[in-house]
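Engineer: sequence below, structure please.
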Amino acid sequence: MKKTFKLSHPTIKYPRLVEATKNEVKKYLKRERNKKLPEYADFWGFDCRFGQTEAQAEEIHVAQINEKISFAESQEWTEFYLEILAVPAQRMKRDDADEQEDEDLESEVHDEDR
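Structural biologist: Model prediction:
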């Protein structure tokens, strides 16, 4: 999805337009996640960009989409650009060294709590 969302309408109020936009994005993500994955992929990843215009769009994480739309609402933008591209991805196996570091960090946090 590559789309410039308009947040101005003669009869629909601004907050309703924002909520409709969030709902449209949520439906799109659900639709893309339900598509059949290629053999080599484990899940659908998403490459996302957000900005006031297409030229100003910056990369964001898929979890930040609602946050960015709310930011656009707080700044009272009349439109914004959102790009969401579904990419088949494969989960990376964690190394034993990474797991050991995580365990060390967790034990340090628990030691500080005592």
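Engineer: tell me the strands beside the strand or helix carrying Trp44, with direction?
Structural biologist: In this structure, Trp44 sits in strand 43-51 according to DSSP states H and E. The pairing partners recorded for strand 43-51 under DSSP bridges are strand 58-60 (antiparallel), strand 79-89 (antiparallel).
Engineer: reformat the ones you listed as CSV; add distance to Ala20 and mean pLDDT.
Structural biologist: Where you see a C-beta, it was placed from the backbone N, CA and C, and this is true even at glycine. Compiled in CSV, the strands paired with strand 43-51 are given as follows (distance: least, C-beta to C-beta, whole Å; pLDDT from 0 to 100):
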stretch, distance to Ala20, mean pLDDT
strand 58-60, 20, 97
strand 79-89, 13, 97
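Engineer: most tightly packed of the ones you listed?
Structural biologist: Looking across those with neighbours counted as mean count of other C-beta atoms under 10 Å, the highest average goes to strand 79-89: a mean of 17.
Engineer: chain center to it: distance?
Structural biologist: 8 Å (C-alpha atoms, centre = their mean, to the nearest Å).
Engineer: stretch 33-49 too?
Structural biologist: Centre-to-centre, stretch 33-49 and its host chain are 14 Å apart (C-alpha atoms, centre = their mean).
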